[in-house]
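Novice: here's a sequence, model it:
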Amino acid sequence: MNKVFSVLVLVGVPLSIIGALMHWSSILMFIIYCLTIIALASFMGRATESLAIVAGPRIGGLLNATFGNAVELIISIFALREGLIGVVLASLTGSVLGNLLLVAGLSFFVGGLKYKRQKFNVYDARHNSGLLMFGVIVAFVIPEIFTKTMSKSDTLNFSVGISIILIVLYLAALLFKLVTHRGVYLTDNVAEDRHEEEEPEWGKWKALIILAIATVAVGYVSEKLVDTFHTVGEAFGWTELFIGVVIVAIVGNAAEHASAIIMAIKNKMDIAVEIAIGSTLQVAMFVAPVLVLISLMFPVSMPLIFSMPELIAMVTAALLMIILSNDGETNWFEGATLLAAYLIMGIGFYLL
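Specialist: From the prediction side, this is the model:
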């Protein structure tokens, strides 16, 4: 599989440049751009996996989520520049749903087929549950309720205030997990994992260089991908909402998809869960607020206001994940449940 992704990168990046310069068909270029981004994301996943072996599951999961979300952040910034506010909000919704239901669901399902029971740090799961309640349910639902009677300027000011609070709390959560309480809440299986020796595929510096190069390449391809949305949407009958919730989210989160599943197959569920839930928290508490602040520099600013279907879908996904993950164990049936929920929502957004 790594060879296939290597070939896709070697072929896809040049084709992306040539096709853009020669103005090839938007539909053809959309396919090339998506495949190229997914292939580049696999390199990002392999690099962060190498760093995770050196730095530990928490930092490794955080790195994977950060560089994985960098893809979506880059795509969203270019979409904001084009005034595609609906696509950006939909892609944020799709990222939350994709990470909680698709990424976690596939990880639990595939890992559960190989192992009857898979355990992960229950203390981290409970900590993340509280943050999910705040980041997804409180921070996204409250603005929808309070801004019903607000003017557009007050709505934007409220969104900016919420965004600053979210970013500060997210940074505080990182300080809590990685500094002040690092190693305080360890379970037996985590302690055992630390004694397992595994050689990273790439050294630290090589992995960092590959991450940097892949991120730059993704930035270029993502900019071109955004330019094809309108034409592709009209050709296939896809709405702006569906493109954001499903297409952009799946392409943008390809790195997390691949890495989390690989970790689950290796029974490294602490990293798999950290990627899925940690990435969701990063989107809700950092990426979304940052995009709100960045949008202030563009002609059309983006308030942190989602549509009712988006809100209900995200709240449902968060509550389902909290219920299934709070015991610190998982199996293939729980994965199937998450996947079923994702399919139901995907059909709904397609027909909406």
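
Novice: so where do the strands sit in this structure?
Specialist: Using DSSP state E, the strands found in the chain span residues 118-119, 329-330.

Novice: from the contact counts, what lies against the last one?
Specialist: Same thing as strand 329-330. helix 104-114, strand 118-119 (3 or more CB pairs under 8 Å, 6 or more residues apart in numbering; DSSP states H and E). From N, CA and C alone the C-beta is placed, and that goes for glycine too.

Novice: and the shortest one, which strands flank it?
Specialist: Strand 118-119 sits in its sheet next to strand 329-330 (antiparallel), going by DSSP bridges.

Novice: who's in contact with the strand it pairs with?
Specialist: 108, 111, 112, 117, 118, 119, 120, 269, 324 (CB atoms under 8 Å, 6 or more residues apart in numbering).

Novice: for ChimeraX, write the select line for the buried members of the residues you listed.
Specialist: ChimeraX command restricting those to the buried ones, with burial defined by 16 or more other CB atoms under 10 Å:
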select :108,111,112,118,119,120,269,324
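
Novice: turn the contacts of strand 329-330 into JSON lines, including pLDDT and distance to residue 51.
Specialist: Shown next, in JSON lines, are these (pLDDT from 0 to 100; distance: CB to CB, whole Å):
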{"residue": "108", "pLDDT": "93", "distance to residue 51": "24"}
{"residue": "111", "pLDDT": "92", "distance to residue 51": "21"}
{"residue": "112", "pLDDT": "91", "distance to residue 51": "27"}
{"residue": "117", "pLDDT": "89", "distance to residue 51": "28"}
{"residue": "118", "pLDDT": "89", "distance to residue 51": "23"}
{"residue": "119", "pLDDT": "88", "distance to residue 51": "24"}
{"residue": "120", "pLDDT": "86", "distance to residue 51": "20"}
{"residue": "269", "pLDDT": "87", "distance to residue 51": "19"}
{"residue": "324", "pLDDT": "91", "distance to residue 51": "28"}
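
Novice: flag the shaky bits of the protein, pLDDT-wise.
Specialist: 1, 55-58, 60-61, 64-65, 68, 71, 182-198, 252-256 (pLDDT under 70).

Novice: flag every buried residue along the top helix by length along it.
Specialist: Assignment by DSSP state H gives helix 26-55 as the longest helix of the chain. Using 16+ other CB under 10 Å as the test for burial, helix 26-55 gives 26, 29-30, 32-53, 55.

Novice: and if you look at stretch 322-336?
Specialist: Neighbour count says stretch 322-336 has 322, 324, 325, 328, 330, 331, 332, 334, 335 buried, by 16+ other CB under 10 Å.

Novice: equivalent analysis for stretch 263-274, please.
Specialist: So, applying 16+ other CB under 10 Å, buried residues of stretch 263-274: 263, 264, 268, 269, 270, 271, 272, 273, 274.
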